[in-house]
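[1] Got a predicted model here, sequence first, then my questions.
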Amino acid sequence: MKNYLYHVAGLCLVATGAMADTPVLNVYTYDGFDSDWGPGPQIEAAFEETCACDLQWVAAGDGAAVLSRLRLEGDNTDADVVLGLDTNLVAAARETGLFAATNVSAEYDLPVAWEDDTFVPFDWGYFAFVANKDVEAPADFKALADSDLKIIIEDPRSSTPGLGLLMWVKAAYGDEAADVWADLADNIVTVTPGWSEAYGLFLDGESDAVLSYTTSPAYHVIAEEDDSKTSWSFAEGNYMQVEVAAKLASTDTPELADQFLAFLVTDAAQSIIPTTNWMFPAVTPEAGLPEGFGDLTQPADALLLSPEDAAAAAAPGIEEWRDALAQ
Amino acid sequence: MARRTRSVNLPRWPGAAVVAVLLLLTLGTLAAVLWRADSFSGLGRADWAAVRFTVIQAFVSALLSVGFAIPVARALSRRRFIGRGLLITLLGAPFILPVIVAVFGLLAVFGRNGLLNEALQWLGVSKVSIYGFSGVVLAHVFFNLPLAVRMILQGWLAIPAERFRLAASLGAPVGVLLERPMLRAVLPGAFLSIFLICLTSFAVALTLGGGPKATTVELAIYQAVRLDFALDRAALLAAVQFGLTIVAATVSLWIALPEGFGSGLDREITRWDGQKTWQKVVDFGFITLAALFLILPLMMVILRGVAGLSDPPSSIWPAIGRSLAVALTSTALCLFASLVLALRGGRAINVASALPLAASSLVVGTGLFVLVQPWMNPAKAALPVTVVMNALMALPFALRVIEPAVNKAEADYARLSDMLGLKGWARVRIVILPRIRRPLGFGAGLAAALSMGDLGVIALFATEKQQTLPLLMYQLLGSYRNDAAAGAALVLLGLSLALFWLFDRGGRVDVDA
């Protein structure tokens, strides 16, 4: 019996020794990324095959909420990498001074040039209004405002798509943005806190269209064999969302963090993105995009404000938006 | 509302400890958020607009809930029919329903393609839209009408049957003599309770509000924390919210609050008036209207959910287990705190019953985060913090049910117990507990069901390994899986109701009505 106990004790020691040797990489992300059906579990498995480490996801709301959480934690944070901020949040993120430069680079397939030594893009998409195919698509925001079409949008104060729409109107109309919002007011059924509520209401028939992505119809085609949905290309161009990852300056495993960022833009990770996160990969995989992505609406133009311009436009833009819709 | 410390002779520290924890969780977390704020700025124009909107919608919601509840409660009090008991139980359902589930149920009835608009279209009438002010009020009436009915019904049931007989034999007007004084005593309290609940409304305003016009204070706090990271503004807004509640609660010290909303609801009173046919038609009209209004949305949640149950995600089982564990632990905690406070009596009760209602759960969550974070990884504290938060939020409701029962047990048996030398915990165990089993069960049911459906702080703290059922539902919704989300919502509804029913029944077994 005593012998047996020694064995158990010995095994425990070996086990804890092995545990201690495995470095842990903490990655903060948004909820959808790390759900059973999101890219999280697959990317975790693929990365752990190469790194001899333990990747742990910490999901905290959406991109804006992840940044808030990092700011709450400050230098004290356990995060080594954060994944899922977008270009509209990058300036605010940079301003915290919590992030460190990395040497990762890749041949990105983005419609815009990407040069940033800190924030690594891992996927992107075009914002677009998603609707049923039998609804006649308006040509642009002004035609939408003149129509009787009902839309559901997200709140720019609590969601990244909502903020994206705000930037979209700003990038397309500049000083005229407030007038466009005023004209759109009677088309807006409701403003939801996040993408989930908005898309859910749209699928329940509460509106003709919803602010989402040009890639949303691909989900319905691939996962549900339903090709009744489409998205609208606007003459002004469609605004882009580029999602990025970055390394925290306070990380205790900087090499591992760099290794993960480099892994994110490899084929192994990028080929997981399209049918799990339903976005375009930042680097097109060798095997190409999955079927169903080919038929997606191609916007007339790609709009994107630089992080600095986006940061400068956010506060006055929200003010403008609120005043126009609160009439 | 004068209360004295009871003669149970319990040690004073448990009550003091509970009050201290309450203060820490509400005002302490507010202070923590303020302490963490870097800079200070005042409230803007939009913030004051939010304050105005919040007060107005809460006022209108409370007015409509109570106004509609009066005829419904009267009808329920003086009519007997098959299924009356079941209907009264079902009336409790909306109040314990997770907000987002209820909203989808409401939209299935009142939405653009809902039952109402289909019917209107069939009649050739143009569609109605509920978004905006009306949507917020509609949802609040849906949630709180049942609460108002139960409170007012309690008032009617408390009028002794002998008085109705006396009034009948004298040919005296029942309305003026009996009902009006009762309503005058009960209505202000019912109104105030619902006003307070609507004051801190969050998710409803978000989805049904229709846009920036319908920003509540709680929503402004959410946006300040989540997007602007303006902790100073969040704390200021939370302070404004406390201020509003304190004003309302001070008013409540002058007007009597109704005695809980639990026991004796199965009884109908025998009356000698109101037996004319037209009165019966009116009564059943109101009962039918209320039943349709409350039960149709629930039915829609069930119908949609059944379709989504066919293919549940594998993570639903651990989520169910976690949700149950959280709900049961927080129920135990909530009951313990309520009992300790109810036994202690005194001013502590006033504080305890108002503070959690006034607190913004987002500020409490953020404050706890700030307090916990230097000591441990907040992710490790996610579930315990959720348990504590849920117990806190259910405390005012449990206390309202349990405290009057403890009062009554003490009023009836204090002298006898004193004579027998029964003191301290022995007295609680032998004399008081058996007499408050029913309200205790009802309070436990409320706490468990409220906790079950709460999304709350789990979203702020959690990691992947800790999702509860509401969080899972949100994630499904966020991944295009609407049918599965509807299935999860049905499971949530079923579990909430089952927990409520089990505790409520459990409290009644072997107990005379």
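    In hand now; what should we look at? Numbering: from 1, shown residues only, chains lettered A, B, ... in the order given.
[2] which parts of stretch B:17-33 are buried?
    B:18-19, B:21-22, B:25-30, B:32-33 (16 or more other CB atoms under 10 Å in any protein chain shown). Glycine gets a C-beta too; all of them are placed from N, C-alpha and C.
[3] same thing with stretch A:41-58?
    So, applying 16+ other CB under 10 Å, buried residues of stretch A:41-58: A:41, A:43-44, A:46-47, A:51, A:53, A:55-58.
[4] Report the distance from that stretch to the chain centre.
    In terms of CA atoms, centre = their mean, to the nearest Å, the centre of stretch A:41-58 is found 20 Å from the chain centre.
[5] is it up against chain B anywhere?
    Yes - counting by CB under 8 Å from any CB of the partner chain, contacts between stretch A:41-58 and chain B involve A:56-58.
[6] contact partners of stretch A:21-32?
    By CB atoms under 8 Å, 6 or more residues apart in numbering or on different chains, the residues outside stretch A:21-32 that reach it are A:38, A:40, A:51-63, A:65-66, A:69-70, A:78-84, A:253, A:256-257, A:260, A:277, B:474-475, B:478-479.
[7] what's the answer for stretch B:13-29, then?
    Residues from elsewhere that reach stretch B:13-29 (CB under 8 Å, 6+ apart): B:242, B:337, B:340-341, B:343-344, B:348, B:351-352, B:355-356, B:358-359, B:363-368, B:370-371, B:388-389, B:392, B:395.
[8] next one: stretch B:491-506
    With contacts defined as CB under 8 Å, 6+ apart, stretch B:491-506 is touched by B:89, B:92-93, B:96-98, B:101, B:298, B:301-302, B:305, B:309, B:312, B:316, B:320, B:323-324, B:327, B:331, B:441-442, B:444-446, B:448-449, B:452-453, B:469-470, B:473.
[9] and what of stretch A:113-120?
    Looking at what lies outside stretch A:113-120 - CB under 8 Å, 6+ apart - the contacts are A:85, A:90, A:93-94, A:99-104, A:108, A:121, A:242, A:244-247, A:261, A:264-265.
[10] and the residues you listed, which of them are in helices?
    A:90, A:93-94, A:261, A:264 (DSSP state H).
[11] I'd like the residues you listed as JSON lines, with neighbour count and pLDDT appended.
    Formatted as JSON lines, the ones in helices among the contacts of stretch A:113-120 follow (neighbours: other CB atoms under 10 Å in any protein chain shown; pLDDT from 0 to 100):
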{"residue": "A:Val90", "neighbour count": "23", "pLDDT": "93"}
{"residue": "A:Ala93", "neighbour count": "24", "pLDDT": "93"}
{"residue": "A:Arg94", "neighbour count": "17", "pLDDT": "94"}
{"residue": "A:Leu261", "neighbour count": "22", "pLDDT": "95"}
{"residue": "A:Leu264", "neighbour count": "26", "pLDDT": "95"}
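[12] Greatest separation within these: which pair is it?
    Greatest spatial distance among those (CB to CB): A:Arg94 and A:Leu264, at 19.0 Å.
[13] residues contacting residue 178?
    With no chain named, the answer covers chain A. A:320, A:323-324.
[14] Oops, wrong one, chain B.
    Counting by CB under 8 Å, 6+ apart, B:Leu178 has contacts B:159, B:163-164, B:167.
[15] Next, the distance between the ends of stretch A:136-154.
    End-to-end distance for stretch A:136-154, by CA to CA, to the nearest Å: 22 Å.
[16] Could you give me the buried positions within that stretch?
    For stretch A:136-154, by 16+ other CB under 10 Å, it's A:137-138, A:140-142, A:144-145, A:149-154.
[17] Of these, which pair is most distant in space?
    A:Lys142 and A:Glu154 (21.2 Å).
[18] just how off-centre is whichever strand or helix holds B:Leu362 within its chain?
    In this assignment (DSSP states H and E), B:Leu362 forms part of helix B:361-372. Relative to its chain's centre, helix B:361-372 lies at 22 Å (CA atoms, centre = their mean).
[19] I'd like the average pLDDT over the helix or strand just after that helix.
    Per DSSP H and E, the first helix or strand lying C-terminal to helix B:361-372 is helix B:382-420. Averaging pLDDT along helix B:382-420 gives 83.
[20] next one: helix B:382-420 to chain centre, how far?
    The answer for helix B:382-420 is 16 Å, by CA atoms, centre = their mean.
[21] Following element in sequence after it, please.
    helix B:424-427.
[22] Any of the contacts of stretch A:21-32 buried? List them.
    A:38, A:40, A:51, A:53, A:55-63, A:65-66, A:69-70, A:78-84, A:253, A:256-257, A:260, A:277, B:474-475, B:478-479.
[23] Among those residues, which ones are in strands?
    A:55-59, A:81-84 (DSSP state E).
[24] residues contacting B:Val103?
    Taking CB under 8 Å, 6+ apart, one finds B:139, B:203-204, B:207-208 in contact with B:Val103.
[25] what does the average pLDDT come to for the helix or strand it falls within?
    Secondary structure from DSSP H and E places B:Val103 in helix B:99-110. Mean per-residue pLDDT for helix B:99-110: 86.
[26] Off-centre distance for that helix?
    17 Å.
[27] Show me what the next helix-or-strand element following it is packed against.
    Downstream of helix B:99-110, the first helix or strand assigned by DSSP H and E is helix B:115-122. Under the contact definition 3 or more CB pairs under 8 Å, 6 or more residues apart in numbering or on different chains; DSSP states H and E, helix B:115-122 sits against helix B:99-110.
[28] between the helix it packs on and helix B:115-122, how big is the angle?
    If you take axes from the mean of the first three to the mean of the last three CA atoms, to 10 degrees, helix B:99-110 sits at 10 degrees to helix B:115-122.
[29] Helix B:99-110: which residues count as buried?
    Buried, per 16+ other CB under 10 Å, within helix B:99-110: B:99-110.
[30] B:Gly210 and B:Arg304, how far apart?
    Using CB to CB, to the nearest Å, B:Gly210 is found at 23 Å from B:Arg304.
[31] Likewise for A:Thr284?
    39 Å.
[32] Pick out whichever of these two has more residues nearby.
    Taking neighbours as other CB atoms under 10 Å in any protein chain shown, A:Thr284 and B:Arg304 compare with B:Arg304 leading, 20 against 16.
[33] show me the contacts for the more buried one.
    Counting by CB under 8 Å, 6+ apart, B:Arg304 has contacts B:104, B:108, B:486, B:489-490.
[34] show me which of these neighbour chain A.
    Counting by CB under 8 Å from any CB, the members of the contacts of B:Arg304 near chain A are B:104, B:108.
[35] State the pair within the contacts of B:Arg304 that is farthest apart.
    Farthest pair in the contacts of B:Arg304, by CB to CB: B:Ala108 and B:Leu490, 12.7 Å.
[36] Which neighbours do these two have in common?
    Residues touching both B:Ala108 and B:Leu490 (CB under 8 Å, 6+ apart) are B:301, B:304.
[37] For the closest residue to A:Ser250 other than its chain neighbours, grab the count of nearby residues.
    Nearest residue to A:Ser250, sequence neighbours excluded (CB to CB, 6 or more residues apart in numbering or on different chains): A:Asp75, at 5.1 Å. Other residues near A:Asp75 come to 10 when the count uses other CB under 10 Å.
[38] A:Leu98 is in contact with A:Asp75, correct?
    Yes - contact status for A:Asp75 versus A:Leu98: in contact at 7.3 Å, counting by CB atoms under 8 Å.
[39] Would you quantify the distance from the residue nearest to B:Ala359 when sequence neighbours are not counted to chain A?
    Nearest non-adjacent residue to B:Ala359, counting by CB to CB, 6+ apart: B:Thr26, 4.4 Å away. Separation of B:Thr26 from chain A (CB to the nearest CB, to the nearest Å): 19 Å.
[40] do B:Met473 as well
    10 Å.
[41] Show the contacting residues for that residue.
    Counting by CB under 8 Å, 6+ apart, B:Met473 has contacts B:98, B:100-101, B:485, B:488-489, B:492.
[42] List just the nearest of the residues you listed to B:Ala230.
    B:Ile100 (25.9 Å).
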